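**Student:** I would like to see how this sequence folds:
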Amino acid sequence: MTKPELVEEVVQVASLKKKDAAAAVEAVLDSIKKALKKGDKVQIVGFGSFEVRKRKGRTGRNPRNPAEIINIPATKVPAFRPGKELKDLVAGRSR
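**Tutor:** Numbering: from 1, shown residues only. Next up, the predicted model:
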């Protein structure tokens, strides 16, 4: 599902105008992005949680020249962990 498809789904489910639904979807996504940028965890009960995880620095090899060892610096990455309700729904174990 793409963002425009999500907006259309919100229009249908919430009986909103397309412009209002697009603003609502954008507001939710922006709020999640801002929280993650600050390092906060975002928990949506029944859906899952978004968080920032730290990846350690490591060494790797250049695929074009396997003899060349390169340093891969430590970084922060966004991560999503689905909640139990979402896992059960996807697995077909809905209540």
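
**Student:** Who are the contact partners of the most centrally placed residue in the chain?
**Tutor:** The centre of the chain sits closest to residue 80, judged by Cα atoms, centre = their mean, with a distance of 5.4 Å. Applying Cβ atoms under 8 Å, 6 or more residues apart in numbering, we find residue 80 in contact with 48-50. (Each C-beta comes from the backbone N, C-alpha and C, glycine too.)

**Student:** can you pull the buried residues of the helix or strand residue 53 falls within?
**Tutor:** Element membership for residue 53, per DSSP states H and E: strand 48-55. Buried positions in strand 48-55, judged by neighbour count with 16 or more other Cβ atoms under 10 Å: 48, 50-52.

**Student:** And for stretch 16-30?
**Tutor:** For stretch 16-30, by 16+ other Cβ under 10 Å, it's 21-22, 25.

**Student:** follow-up on the earlier one: give me the sheet partners of the helix or strand that comes right after the strand holding residue 53 and which way each runs.
**Tutor:** Next helix or strand after strand 48-55 toward the C-terminus (DSSP H and E): strand 58-61. Neighbouring strands of strand 58-61 in its sheet, by DSSP bridges, are strand 69-72 (antiparallel).

**Student:** tilt between the helix or strand following the partner strand and strand 48-55?
**Tutor:** For strand 69-72, the following helix or strand on the C-terminal side (DSSP H and E) is strand 75-82. Comparing the axes of strand 75-82 and strand 48-55 via axes from the mean of the first three to the mean of the last three Cα atoms, to 10 degrees yields an angle of 150 degrees.

**Student:** what element comes up after strand 75-82 heading to the C-terminus?
**Tutor:** Sequence order places helix 84-91 as the next helix or strand after strand 75-82, per DSSP H and E.

**Student:** List the buried residues of that next one.
**Tutor:** Within helix 84-91, no residue qualifies as buried by neighbour count (16+ other Cβ under 10 Å).
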